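Visitor: Okay, sequence plus prediction incoming.
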Amino acid sequence: MNKGDIANGNAELQALLDRQEGLVSRTQLTNAGCDEPTFRRYRATGRLRPVLPNVFVTLAGELAVEQQRIAASLYTAGVGQLTGIAALAWHGLRDLPHDDRLHLLILHGGLRRPSYDFVRVQRTRRMDLDVVRANGYAVCSPARAAADACRSLTDLEAVAAIVKQVVGDGWSTVGALRKELELAGASRTRQLRAVLRGYDDTPPTAHSTHSSLDGMSG
């Protein structure tokens with residue numbers, strides 16, 4: 001099965017499938033001229049396989065990490081921001097706690113999407129203004145991603161290990177993490193606050209302007 005199976009000479013749809021690694025949303029199909037009977041036929045013959053509500057893949061096999069990121073963005077209509085462990089992994093951090101779900105921030109009161117399968121939706125009143133634009137999705141800055149990751153953990157050692165890597169390798173600063181804490185309020189911040197008490201506000205040394213290309217290899 002290949003991506004040309006549903007493009008049928010539609011160069012715009014073919015380019016979209018190429019760019020999105022075989023993934024496509026129902027809205028994108030409609031905009032590309034795929035009517036309801038054709039859509040149902042593609043579904044029935046397996047040329048479109050659902051991976052999330054109203055998100056489909058045209059390729060066989062399990063989704064790769066990069067495909068999951070694209071699918072999650074399509075599921076959240078392009079407004080979700082990848083954060084937490086998955087975002088840190090995208091930036092290139094290593095030896096992170098296991099998390100088999102992608103955490104995406106959605107503005108409180110905005111798009112209505114529940115968590116589903118490998119996508120964990122987190123409502124927030126404060127989207128990250130320093131996101132990095134990747135292959136059809138947005139990735140939170142290392143500071144925001146680290147703060148969100150640490151807030152999701154209960155293991156103090158795991159939180160300490162993330163902070164050590166983020167600060168020690170220059171991905172962000174203690175000051176930036178403390179700012180994230182201030183903006184987050186008191187919700188699930190105790191572990192991170194405890195770890196940051198042992199740090200001063202040393203400036204970054206290595207990755208403050210680090211290219212995020214490593215993360216795109218997924």
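Guide: Now that the structure is in, tell me what you want to look at. These numbers were taken from a predicted model, which means no experiment stands behind them.

Visitor: From here on, just use CA atoms for contacts and neighbour counts.
Guide: Will do.

Visitor: Any regions of this protein where pLDDT drops low?
Guide: Scanning the chain for pLDDT under 70 picks out the ranges 1-4, 201-218.

Visitor: Outline the domain layout of it.
Guide: 4-57, 65-217 (automatic domain parsing).

Visitor: Same list, the ones you listed, but as CSV with mean neighbour count please.
Guide: Below are the domains of the chain laid out as CSV (neighbours: other Cα atoms under 10 Å):
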stretch, mean neighbour count
domain 4-57, 16
domain 65-217, 18
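
Visitor: need the contact list for the residue nearest the centre of the chain.
Guide: By Cα atoms, centre = their mean, the chain has its centre lying nearest to residue 82, at 2.7 Å. Residue 82 makes contact with 69, 102, 103, 104, 105, 137, 138, 139, 140, according to Cα atoms under 8 Å, 6 or more residues apart in numbering.

Visitor: switch to 7 Å and redo it
Guide: 102, 103, 104, 105, 138, 139, 140 (Cα atoms under 7 Å, 6 or more residues apart in numbering).

Visitor: ok, these vs residue 153, which is closest?
Guide: residue 103 (13.1 Å; Cα to Cα).

Visitor: do you know how far the nearest residue to that closest one once chain neighbours are set aside is from residue 175?
Guide: Closest residue to residue 103 apart from its sequence neighbours, by Cα to Cα, 6 or more residues apart in numbering: residue 120 at 4.7 Å. Note on residue 120: its distance to residue 175, by Cα to Cα, to the nearest Å, is 28 Å.

Visitor: tell me which element residue 51 is part of?
Guide: Taking DSSP states H and E as the definition, one finds residue 51 inside strand 49-52.

Visitor: which is the next helix or strand following that strand?
Guide: strand 55-57.

Visitor: who does the next helix-or-strand element following that next one touch, helix- and strand-wise?
Guide: For strand 55-57, the following helix or strand on the C-terminal side (DSSP H and E) is helix 65-75. Helix 65-75 sits against strand 55-57, with contacts defined as 3 or more Cα pairs under 7 Å, 6 or more residues apart in numbering; DSSP states H and E.

Visitor: how far out from the middle of the chain is the strand it packs on?
Guide: Taking Cα atoms, centre = their mean, to the nearest Å, one finds strand 55-57 lying 17 Å from the centre of the chain it belongs to.

Visitor: I'd like to know which elements that strand is packed against.
Guide: strand 23-25, strand 49-52, helix 65-75.

Visitor: Direction included, what does that strand pair up with?
Guide: strand 23-25 (antiparallel), strand 49-52 (antiparallel) (DSSP bridges).

Visitor: tell me the contacts of residue 104?
Guide: Counting by Cα under 7 Å, 6+ apart, residue 104 has contacts 80, 81, 82, 83, 120, 121, 122.
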